[in-house]
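**Student:** coordinates for the following, if possible.
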Amino acid sequence: MAIDCPFLDHIGNTPLIRLRAASERTGCEIFGKAEFMNPGGSVKDRAAKYLLLDALERGLIAPGGTVIEGTAGNTGIGLTLAGNALGLRTIILMPDTQSAEKQSALRGMGAELRTVPAVPYKNPDNYVHQARRLAESMASSTAGGVFYANQWDNLANRNGHIASTGPEIWAQTGGRIDAFICSVGTGGTLAGVSEYLKQRRPALVTAAADPDGAAIYSWVKTGELTSQGSSITEGIGQNRITGNLEGARIDDAFNIPDSEWLPVLWELIGKEGLYVGSSSGINVAGAIRLARQLGPGHRIATILCDSASRYESRLFNPAFLRDKGLQAPPWLHPG
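**Tutor:** Numbering: from 1, shown residues only. Sure thing, here's the model as predicted:
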């Protein structure tokens with residue numbers, strides 16, 4: 001089914017940038033896929049694209065219909081902008097702990113945003129469960145249909161990365177790549193890219209970069225979902241095995257505390273000119289860890305997920321960071 005939607009057409013084919021400082025420090029070549037350059041500003045544009053294309057292809061929704069999703073923000077932004085271009089209404093449920101920047105962006109784009117208290121997934125009032133129930137309650141009475149995107153368990157997310165992100169990285173490196181690492185939110189990016197790259201080169205190493213408070217590190221290392229601590233990161237850090245993570249080809253994992261990735265983020269911004277957000281910091285810190293484990297001479301790719309502009313009220317708030325025992329960027333307190 002041909003769909004005329006320039007927004008969808010311009011998702012993907014983002015640059016792969018050599019990260020100078022991380023590469024020089026490790027003796028490896030470390031690259032970041034500039035997903036913040038997608039039209040909606042993040043890697044989650046890819047999930048939005050393939051979730052909607054799959055739903056339209058299967059007749060789950062039509063123009064005039066409503067897309068409902070539980071999201072920490074970026075997938076909601078992608079779904080809203082693509083939905084606007086496709087004639088779809090969007091309702092987003094998001095934990096009230098997420099940044100004010102993402103909340104105001106969603107409202108400004110025209111989404112109906114409902115913020116709800118942040119509770120664990122096992123709680124029936126978790127935002128994901130609330131989104132599913134809302135979709136079920138509206139399904140029989142909405143013109144054009146209701147589509148619960150379910151980025152967590154809908155395999156169109158993972159398949160989109162098998163179809164796009166993985167092949168792009170392979171082509172951009174000329175097939176000369178030894179490892180791929182990124183953090184886990186839904187698991188779609190790590191699972192999908194890993195699947196494609198391992199199809200092309202089975203010996204390639206894949207790994208998760210996991211913040212404190214998340215359980216994927218433990219799951220990869222021990223088979224058990226356990227976690228401790230907390231992190232200021234948003235949109236990453238999973239404590240269950242989503243549908244997109246089931247069967248994922250992940251070789252290793254690294255636990256990256258906030259105190260480790262924040263200096264890497266300041267370096268990306270202050271010395272590389274890459275104004276990226278917290279998940280990019282943890283991804284590059286993870287790539288540095290993986291590079292040191294593999295040794296010099298390897299080529300490693302990761303994801304630069306989104307812009308720091310979506311987290312400015314926290315990332316560049318010295319009082320907030322100081323309260324967490326973290327260092328603000330050096331240019332905010334010279335000397």
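
**Student:** this protein: strands as residue ranges?
**Tutor:** For the chain, applying DSSP state E gives strands covering 16-18, 29-34, 66-70, 89-95, 112-116, 146-148, 179-182, 205-210, 252-255, 299-304.

**Student:** can you tell me which of those strands is most buried?
**Tutor:** Greatest average neighbour count among the strands of the chain goes to strand 179-182 (a mean of 29), per mean count of other CB atoms under 10 Å. All C-beta spots, glycine's among them, are computed from the backbone N, C-alpha and C.

**Student:** isn't W219 up against I241?
**Tutor:** Yes. If you go by CB atoms under 8 Å, W219 and I241 touch, sitting 6.9 Å apart.

**Student:** figure out which of the strands of the chain is closest to I77.
**Tutor:** Closest approach to I77 among these is made by strand 89-95 (8.7 Å; CB to CB).

**Student:** and that closest one, what's its mean pLDDT?
**Tutor:** Mean pLDDT, computed over strand 89-95, is 96.

**Student:** and it, which strands flank it?
**Tutor:** Partners of strand 89-95 in the sheet, by DSSP bridges, are strand 66-70 (parallel), strand 112-116 (parallel).

**Student:** closest one to F180 among the ones you listed?
**Tutor:** Nearest of those to F180, taken as CB to CB: strand 66-70 at 26.4 Å.

**Student:** picking up where we left off before, need the strands of the chain in a markdown table with distance to A291, can you?
**Tutor:** Formatted as a markdown table, the strands of the chain follow (distance: least, CB to CB, whole Å):
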| stretch | distance to A291 |
| --- | --- |
| strand 16-18 | 13 |
| strand 29-34 | 6 |
| strand 66-70 | 35 |
| strand 89-95 | 33 |
| strand 112-116 | 39 |
| strand 146-148 | 40 |
| strand 179-182 | 8 |
| strand 205-210 | 11 |
| strand 252-255 | 11 |
| strand 299-304 | 6 |
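
**Student:** list the residues that contact both of W219 and I241?
**Tutor:** Contact criterion CB atoms under 8 Å, 6 or more residues apart in numbering; residues shared by W219 and I241: L225.

**Student:** these two: which has the busier surroundings?
**Tutor:** W219 (23 against 16; other CB atoms under 10 Å).

**Student:** what's near enough to touch that one?
**Tutor:** For W219, the contact set (CB under 8 Å, 6+ apart) comprises L225, I241, A253.

**Student:** now do 6 Å
**Tutor:** L225 (CB atoms under 6 Å, 6 or more residues apart in numbering).

**Student:** remind me which residues of the stretch 201-335 of the chain are low pLDDT?
**Tutor:** Along the stretch 201-335 of the chain, the parts satisfying pLDDT under 70 run over 334-335.

**Student:** tell me where it has helices.
**Tutor:** 216-222, 258-270, 278-294, 312-315, 318-323 (DSSP state H, counting those that start in this stretch).

**Student:** distance to T80 added to those, as a markdown table?
**Tutor:** Converted to a markdown table, the helices of the stretch 201-335 of the chain look like this (distance: least, CB to CB, whole Å):
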| stretch | distance to T80 |
| --- | --- |
| helix 216-222 | 27 |
| helix 258-270 | 26 |
| helix 278-294 | 20 |
| helix 312-315 | 20 |
| helix 318-323 | 27 |
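
**Student:** between the ones you listed, which gets nearest to T115?
**Tutor:** helix 312-315 (15.4 Å).

**Student:** rewinding a little: same list, the strands paired with strand 89-95, but as TSV with mean pLDDT please.
**Tutor:** Putting the strands paired with strand 89-95 into TSV (pLDDT from 0 to 100) gives the following:
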stretch	mean pLDDT
strand 66-70	97
strand 112-116	96
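
**Student:** Throw these into CSV and include distance to I303, thanks.
**Tutor:** Shown next, in CSV, are those (distance: least, CB to CB, whole Å):
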stretch, distance to I303
strand 66-70, 21
strand 112-116, 25
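
**Student:** so for E29, which of these sits nearest?
**Tutor:** The closest of the strands paired with strand 89-95 to E29 is strand 66-70. By CB to CB, the value is 36.5 Å.
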